[in-house]
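Colleague: Here is a sequence together with a model predicted from it:
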Amino acid sequence: MSDTRRPYIVSCSSHDSSATLMADGKLAGFMSDSRLSRVKYDRKYPYPYAVQYLKQIEPTARVLADQTHRYGHHYLHACSAFYTSPFKSALILTMDASGPALNDNEEWEYTTMTLSHGEEGVIHELKQQTMPHSLGVFYSTITGALGLGDNGEGKTMGLAPYGRASMYYEVMRDWFSPGPDGFPVMHERFIDDKVNNWMNEVKTRPEVEWELESHIGHCMMLHLIRETGARPEDFDWRSSFFKAADLAWAAQRILEEHVLETVRRALAETPSDNLCLAGGIFLNSAANFRILEKGLVKRLHIVPAAGDEGLSLGQALLSEFMWERPENGHAAARKENILHHAYHGRTYSEDEIRRVLDGYQASAIPVDFVTDRSPVAEVWLETSTDRFQTVERQSMTPAGPFAFRGLLKAAPGQEFSYRFRWLCEDGTEMLEDRGRKSKPGQGYSITGARLKFRRCDDIVDEVARRVAGGQITGWFQEGAEFGPRALGHRSILADPRRAEMKDILNLRVKHREVFRPFAPSVLAEYAAEYFDLDCPSPFMLLIAPVLKPDVIPAVTHSDGTARMQSVTEADNGVYHRLIRRFFELTGVPVILNTSFNVNNEPIVETPLDAVKCFVSTHMDALAMGPFIIEKE
């Protein structure tokens with residue numbers, strides 16, 4: 001094999017970094033760094049985790065340099081969408097808060113939207129919008145005001161249906177208006193001298209871009225408070241739920257209006273039946289659905305890793321189509337990477353799963369600590385049963401170039417906390433709580449549990465019967481899906497027929513905001529009977545009106561919609577068989593599917609991650625490979 005045809009890995013830096021493996025012209029692996037560091041939206045970079053992980057799949061793979069800044073953040077978003085689509089020709093729209101690129105003058109530009117056209121493997125950018133005009137910054141600002149945290153925009157979308165038209169919408173509706181090129185333009189009231197100064201400074205000092213976004217958000221909130229007479233606490237969902245819902249409704253409505261207007265104008269200038277979408281804004285499944293609902297295009301493709309996690313995918317596919325295989329041409333290469341499913345993590349063998357289960361004892365629960373590239377001399381695991389009034393400390397054992405392992409010692413049923421302390425080579429001592437610096441007294445709580453497990457001859461039938469009987473079951477099978485949605489390989493499953501299941505899951509398992517809905521997975525052959533959507537939704541990036549809300553109340557949101565996943569036998573394999581068996585038992589071809597994690601943690605990746613999550617929640621059972629696992 002020539003050097004140009006060797007497998008290769010691309011790792012891209014962002015607030016959600018990832019790596020992609022290409023082998024023999026095909027997508028062969030994908031992994032997000034946060035899945036391995038266990039810190040959601042981990043901002044530290046560079047991390048070696050995802051690259052090392054993909055090296056386990058293909059040890060001979062070479063690592064290509066990160067070219068995000070050379071090609072442009074939004075251009076790679078466009079590549080991730082178009083090169084995974086089934087279209088020979090399509091319009092490509094990207095939108096997010098902002099993304100960097102170096103221009104011809106070697107100055108930094110922060111782009112917020114681009115419109116491109118793809119034809120037979122070649123993407124031509126038609127136009128772009130740059131900071132400070134950013135719908136993403138607007139939506140993130142409102143998310144923060146609602147008390148939903150960084151990267152909580154999906155929660156804002158979930159809160160919006162509880163709201164209604166209010167003064168918030170009337171005040172905010174002129175914050176953006178269509179510009180002459182069709183892109184939304186921010187009102188000049190928010191573009192003060194500080195913004196102009198930062199816009200000049202960011203060309204040579206990209207680190208001030210975060211200050212620019214923060215200042216724009218601050219100006220927006222001051223204007224909203226001044227015009228409505230509201231107090232900041234009126235916006236927080238925990239103290240003023242319905243006022244907060246009204247604000248979320250207004251933000252969602254404004255976002256949808258401008259997305260629709262942008263698409264309308266783009267199609268008027270460059271007609272196409274096909275539209276590809278990428279960028280964090282297009283994780284908003286309600287806005288995506290409006291494009292189809294209005295009949296603006298016949299066919300829509302959204303890459304499952306639409307946010308920054310998908311940048312490495314974009315660069316890897318760009319590398320393949322433009323450099324690695326010129327002898328086959330762009331169109332021939334593209335046919336091999338049409339994305340039918342998102343299962344591109346590694347599959348763990350039955351022996352690997354059994355070793356984790358055999359090694360897991362209530363008196364010795366393994367815990368991993370993963371560092372970044374900073375030199376670390378020693379790591380200690382501190383445990384406590386009284387909120388760190390008294391502490392037991394033990395040294396952790398090196399378990400790899402950047403990893404350490406320790407054992408938590410507790411009896412079944414005993415509640416305890418743990419945290420990490422480590423000594424840097426320069427003598428600095430650091431205290432950390434599961435990847436984040438903590439204050440004294442903080443830590444991660446867990447309850448000791450003794451596991452019992454057995455191998456099942458028919459894991460599909462076992463789990464279908466348990467779910468049909470009301471049990472909440474973890475489902476860990478084959479290679480992990482990529483993107484922020486659980487698509488049936490790293491999922492928590494429950495019965496959608498039980499109306500009470502939503503509250504049980506939110507409060508006892510997921511430990512998250514009570515208003516957040518859960519998603520249904522439906523056999524594609526029966527989707528039209530349950531959802532008013534006339535196209536597939538394989539990646540859970542479209543909402544749809546529910547046609548039988550009384551039958552599946554646990555997955556029907558307050559506005560009568562659901563963010564659904566259509567499941568086929570060809571693309572979803574064992575997950576399709578599971579839902580098919582549930583259908584045979586219940587007469588309902590729909591199952592409740594939520595991501596296998598707890599609030600503010602990444603989706604589990606390894607068997608050990610799955611076991612840790614299982615024992616720390618009120619799940620009834622865990623199906624991992626052929627094994628069914630329970631807590632004694």
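Modeller: Cool, got the structure. Residues are numbered from 1 along each chain as shown.
Colleague: Could you tell me how far residue 56 is located from residue 320?
Modeller: Distance of residue 56 to residue 320, computed by CB to CB, to the nearest Å: 21 Å. Heads up, the C-betas are built off the backbone N, CA and C, glycines and all.
Colleague: who has more neighbours, the two?
Modeller: Each of residue 56 and residue 320 has its neighbours counted (other CB atoms under 10 Å); residue 320 has more, 25 against 10.
Colleague: So which residues of the stretch 151-300 of the chain form strands?
Modeller: If DSSP state E, counting those that start in this stretch is used as the criterion, the strands of the stretch 151-300 of the chain fall at 176-178, 184-186, 274-278, 299-302.
Colleague: Surely residue 348 and residue 627 touch.
Modeller: No - in this structure, residue 348 is not within contact of residue 627 by CB atoms under 8 Å, at 11.3 Å.
Colleague: need the helix or strand of this structure with the lowest average pLDDT.
Modeller: Within the chain, judged by mean pLDDT, DSSP states H and E, the helix or strand with the poorest mean is strand 436-437; its value is a mean of 35.
Colleague: Endpoint to endpoint, stretch 461-481 covers what distance?
Modeller: Using CA to CA, to the nearest Å, the gap from the first to the last residue of stretch 461-481 comes to 22 Å.
Colleague: what about the stretch 51-200 of the chain, any weak spots by pLDDT?
Modeller: Scanning the stretch 51-200 of the chain for pLDDT under 70 picks out nothing.
Colleague: Now with 80, please.
Modeller: Screening the stretch 51-200 of the chain residue by residue with the criterion pLDDT under 80, one finds the ranges 102-107.
Colleague: mind checking which helix or strand the nearest residue to residue 464 once chain neighbours are set aside is in?
Modeller: Counting by CB to CB, 6 or more residues apart in numbering, residue 581 is the residue found nearest to residue 464 once chain neighbours are left out, at 3.9 Å. Residue 581 belongs to helix 574-586 when elements are defined using DSSP states H and E.
Colleague: After that helix, which helix or strand is next? Please name it.
Modeller: Tracing the chain past helix 574-586, the next element assigned as helix or strand by DSSP H and E is strand 590-595.
Colleague: For that next one, C-alpha coordinates in PDB please.
Modeller: Taking C-alpha atoms only, strand 590-595 is exported to PDB below (Å, rounded to 0.1, in the frame of the first residue of the first chain):
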ATOM      1  CA  VAL A 590     -42.100   2.600  19.400                       C
ATOM      2  CA  ILE A 591     -39.600   2.600  22.300                       C
ATOM      3  CA  LEU A 592     -38.400   5.400  24.500                       C
ATOM      4  CA  ASN A 593     -34.800   6.100  23.900                       C
ATOM      5  CA  THR A 594     -32.600   8.500  25.900                       C
ATOM      6  CA  SER A 595     -28.800   8.800  26.000                       C
END
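Colleague: strands paired with that strand, and their directions?
Modeller: On the basis of DSSP bridges, the sheet neighbours of strand 590-595 come out as strand 490-494 (antiparallel), strand 519-523 (antiparallel).
Colleague: In stretch 226-246, which residues are buried?
Modeller: Buried residues in stretch 226-246, counted by 16 or more other CB atoms under 10 Å: 228, 230, 234-237, 240, 243-246.
Colleague: Quick check: residue 494 touching residue 554?
Modeller: Yes - using CB under 8 Å, residue 494 is in contact with residue 554, at 6.9 Å.
Colleague: and for these two, which residues touch both?
Modeller: 501, 518, 592 (CB atoms under 8 Å, 6 or more residues apart in numbering).
Colleague: how about the first one, phi and psi?
Modeller: Just to be clear, that refers to residue 501. Reported as degrees, to the nearest 10, the phi and psi values for residue 501 are phi -60, psi -30.
Colleague: Closest to the centroid, which residue in this protein?
Modeller: For the chain, residue 484 is the residue whose C-alpha lies nearest the centre (CA atoms, centre = their mean; 2.2 Å).
Colleague: That one - that's part of a strand, no?
Modeller: No - note on residue 484: no strand contains this position according to DSSP: H, G, I helix; E, B strand; the rest coil, which reports coil.
Colleague: so can I have a markdown table of the strands paired with strand 590-595 showing distance to residue 621 and mean pLDDT?
Modeller: Listed next are the strands paired with strand 590-595 as a markdown table, based on distance: least, CB to CB, whole Å; pLDDT from 0 to 100:
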| stretch | distance to residue 621 | mean pLDDT |
| --- | --- | --- |
| strand 490-494 | 10 | 98 |
| strand 519-523 | 18 | 98 |
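Colleague: Now do the strands in the stretch 451-600 of the chain.
Modeller: Using DSSP E, counting those that start in this stretch, the strands of the stretch 451-600 of the chain run over 451-455, 473-476, 490-494, 519-523, 543-545, 561-563, 565-567, 590-595.
Colleague: picking up where we left off before, among the buried residues of stretch 226-246, which one lies nearest to residue 213?
Modeller: Using CB to CB, residue 235 comes nearest to residue 213 of these, at 18.5 Å.
Colleague: Just to check, that closest one is in contact with residue 247?
Modeller: Yes - the pair residue 235 and residue 247 qualifies as a contact (CB under 8 Å) at a distance of 5.6 Å.
Colleague: Check what pLDDT residue 207 gets.
Modeller: With respect to pLDDT, residue 207 has a value of 80.
Colleague: Then residue 46?
Modeller: 52.
Colleague: Low-confidence stretches in the stretch 201-350 of the chain?
Modeller: The low-confidence ranges in the stretch 201-350 of the chain, as defined by pLDDT under 80, are 206, 321-336.
Colleague: hmm, back to that, most tightly surrounded among the strands of the stretch 151-300 of the chain?
Modeller: Burial of the strands of the stretch 151-300 of the chain is given as mean neighbour count (mean count of other CB atoms under 10 Å); strand 274-278 ranks first at a mean of 27.
Colleague: so what does the host helix or strand of residue 34 touch, helix or strand wise?
Modeller: Secondary-structure assignment from DSSP H and E places residue 34 in helix 33-37. Secondary structure elements in contact with helix 33-37, counted by 3 or more CB pairs under 8 Å, 6 or more residues apart in numbering; DSSP states H and E, are helix 49-57.
Colleague: Would you give the sheet partners of the helix or strand just after the helix it packs on, along with the direction of each?
Modeller: Scanning forward in sequence from helix 49-57 by DSSP H and E, the next helix or strand is strand 62-64. Strand 62-64 sits in its sheet next to strand 8-12 (parallel), going by DSSP bridges.
Colleague: which residues touch the partner strand?
Modeller: Residues from elsewhere that reach strand 8-12, judged by CB under 8 Å, 6+ apart: 17-22, 46, 50-51, 54-55, 58, 61-64, 66, 68, 76, 308, 311-312, 314-316, 319, 324.
Colleague: Tell me the strands beside the helix or strand just after it, with direction?
Modeller: Beyond strand 8-12 in the direction of the C-terminus, DSSP H and E gives the next helix or strand as strand 18-23. Within its sheet, strand 18-23 is paired with strand 8-12 (antiparallel), strand 26-32 (antiparallel), according to DSSP bridges.
Colleague: Let me see the contact set for the residue lying closest to residue 474 once chain neighbours are set aside.
Modeller: Distances taken as CB to CB, 6+ apart put residue 622 closest to residue 474, at 4.0 Å, once the chain neighbours are dropped. For residue 622, the contacting residues are 473-474, 476, 610-611, 614, 628-630, taking CB under 8 Å, 6+ apart as the criterion.
Colleague: tell me the secondary structure for residue 622?
Modeller: Classification of residue 622 by three-state DSSP places it in strand.
Colleague: do residue 144 as well
Modeller: Looking at residue 144 with three-state DSSP, the answer is helix.
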